[in-house]
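>>> Could you work out the structure for the sequence below:
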Amino acid sequence: MKTPVKIGYVKRIQKDYSLSFKLQVVEQIESGELDRLSAHLKYDIQARSTISSWLRKYGNFDWENLNIASIDKTPEQRIVELEAKVKLLEKQKARAEYLAERADKKVIIFDMLVNMAEKEYDIEIRKNYKPELSKSSKKNTKKQ
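Down below sits the predicted model:
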């Protein structure tokens, strides 16, 4: 009888790879013999991101000066991109105008409510300080 195979949690341990091994894997990937996934599976490397970091450190590709915009695009592609940006900006502008109008309405309603409360309760809610008063209060705070 076969004993059942228990599948459960297996604790991963950190593997240390030699520099020569890393360089060998990077060379095989850059030459086209392997891709990242096949190198990951073939050499039992723990994570695919490990291989990416090796390629950045030891590879010949210039990762620092990678600029996606530097890739030449056809004029049609550029026009499509710019049209999409224009549509996005128009939506953002419309949203900003809507929010500004809404904020203005809120200010008007708040002002009306304060006026009503002042009349209803016969109290002054808005405080209008005179410049002389605020100067004198500053002088008092300096003396203390």
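
>>> show me where pLDDT drops low in the chain?
Counting by pLDDT under 70, the ranges of the chain that qualify are 1-12, 61-71, 129-144.

>>> how about the helices in it?
For the chain, helices defined by DSSP state H occupy the ranges 19-31, 36-42, 48-58, 75-121, 131-143.

>>> Figure out which of those helices is closest to Ile13.
Distance to Ile13, taken as Cβ to Cβ, is lowest for helix 48-58 among those, at 13.9 Å. C-beta coordinates here come from the backbone N, C-alpha and C atoms, glycine included.

>>> So which other helices or strands are in contact with the closest one?
Where contact means 3 or more Cβ pairs under 8 Å, 6 or more residues apart in numbering; DSSP states H and E, helix 48-58 is packed against helix 19-31, helix 36-42.

>>> Contacts for that helix, please.
Here helix 48-58 makes contact (Cβ atoms under 8 Å, 6 or more residues apart in numbering) with 22-23, 25-26, 29-30, 36-37, 39-40, 45, 61, 63.

>>> buried ones in it?
Residues of helix 48-58 classed as buried: Thr50, Ile51, Trp54, Leu55 (neighbour count, 16 or more other Cβ atoms under 10 Å).
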